[in-house]
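Novice: Kindly generate the corresponding structure for this input.
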Amino acid sequence: MYAQLVQQLPEGNDWLYEVKFDGYRCLAGRDTAGVTLWSRRGNDFTAQFPNIAKACEQLLPRTLIDGEIVAIDGNGRISFNLLQHHRSQAQALLFYAFDVLIHRGINLINEPLSKRREVLSDIMKPLTRKASAVSLSESIDATPAELVSVVKEFGFEGVIAKRKASCYEPGKRSGAWLKYKINKSQEFVIGGFTPGTPLDALIVGYYDGDELIYAAKVRNGFVPALRREVWQKLKRLETPLCPFANLPEKKRTQFSLTREEMKNCIWLKPELVAQIEFAEWTPDGHLRHSKFVALRDDKDPRDVVREA
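Specialist: Purely as a prediction, here's the structure:
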């Protein structure tokens, strides 16, 4: 079951709230043959996360739970980059369970969430005591405003709101589960763009001394009218020279700009500043899940540096 993205969290006693973890969605099941972990695409995770699989051996046979695998960094915070690229450097790999679909062979997906959570809580009590790699994703008794404040303070990805009376709908975004994401944000200098209708992505960076350093291709956050408005301001700044000191990049990733990819770029004089939201910095200095928010005419491009 999937959550639907919203711009505002619902309020009221009909809703249950949880922290949104930035990790890998995972189903954990135990039958008479043992434990299996599956990704949201149905791939087998069992060999990749042996400690979590071992901990789930405490589940009763014919039980299936839903949750999220996360990596904890040296500061005790969740890091998707560690989970994806550097698991050996993680302080811990944990599984947070937030739902149960089958318990002792009994199918629970048509039961209300409130009942499923009661069953899950009972399941997790002995499991948590015996296995530190598995924990219950606790529901939080607070207002949405209080939740957002706490989530921002502790650096979580967002908040999930779930309707207490809802059944479990595999593969659907019915609106019974809602997600509100909280991203990091700072200013970046616009040094180019890739053409589209009329633009596809902004190419942004920050100053390190006198050098403009490339950080991201930003595609999200535009509606058609805004896209045209931004493009009108960009096209007057076109220049044949790439302003970024660290381009081209040699290694091709979803975030990088190689020499071949740069052939499609239109470069700009670095005179405009944009506010960009993002999930986190990748280890190689790029932005993950970046989103355009607005142009900032109150910022001097030369004052834009990488923030912690």
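Novice: Can you give me the neighbour number for residue 76?
Specialist: 10 (other Cβ atoms under 10 Å). Where you see a C-beta, it was placed from the backbone N, CA and C, and this is true even at glycine.
Novice: do the one 3 residues further on as well
Specialist: Neighbour count of residue 79, defined by other Cβ under 10 Å: 23.
Novice: mind listing what it touches?
Specialist: 22, 71, 72, 73, 90, 280 (Cβ atoms under 8 Å, 6 or more residues apart in numbering).
Novice: any idea how far it lies from residue 205?
Specialist: Distance of residue 79 to residue 205, given as Cβ to Cβ, to the nearest Å: 23 Å.
Novice: And residue 253, by the same measure?
Specialist: 16 Å.
Novice: More neighbours: these two, which one.
Specialist: Ranked by neighbour count (other Cβ under 10 Å), residue 253 and residue 205 place residue 205 first, with 26 against 11.
Novice: got the contact list for residue 169?
Specialist: Taking Cβ under 8 Å, 6+ apart as the contact definition, residue 169 lies against 1, 109, 176.
Novice: Any chance of JSON lines for the residues you listed, columns secondary structure?
Specialist: Listed next are the contacts of residue 169 as JSON lines, based on DSSP: H, G, I helix; E, B strand; the rest coil:
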{"residue": "1", "secondary structure": "coil"}
{"residue": "109", "secondary structure": "coil"}
{"residue": "176", "secondary structure": "coil"}
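Novice: Tell me where the stretch 51-200 of the chain has strands.
Specialist: Ranges of strands within the stretch 51-200 of the chain are 63-72, 92-103, 106-107, 134-136, 158-163, 177-181, 184-195, 199-208, based on DSSP state E, counting those that start in this stretch.
Novice: Same list, those strands, but as JSON lines with mean pLDDT please.
Specialist: JSON lines is the format used below for the strands of the stretch 51-200 of the chain (pLDDT from 0 to 100):
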{"stretch": "strand 63-72", "mean pLDDT": "95"}
{"stretch": "strand 92-103", "mean pLDDT": "95"}
{"stretch": "strand 106-107", "mean pLDDT": "98"}
{"stretch": "strand 134-136", "mean pLDDT": "93"}
{"stretch": "strand 158-163", "mean pLDDT": "94"}
{"stretch": "strand 177-181", "mean pLDDT": "91"}
{"stretch": "strand 184-195", "mean pLDDT": "92"}
{"stretch": "strand 199-208", "mean pLDDT": "96"}
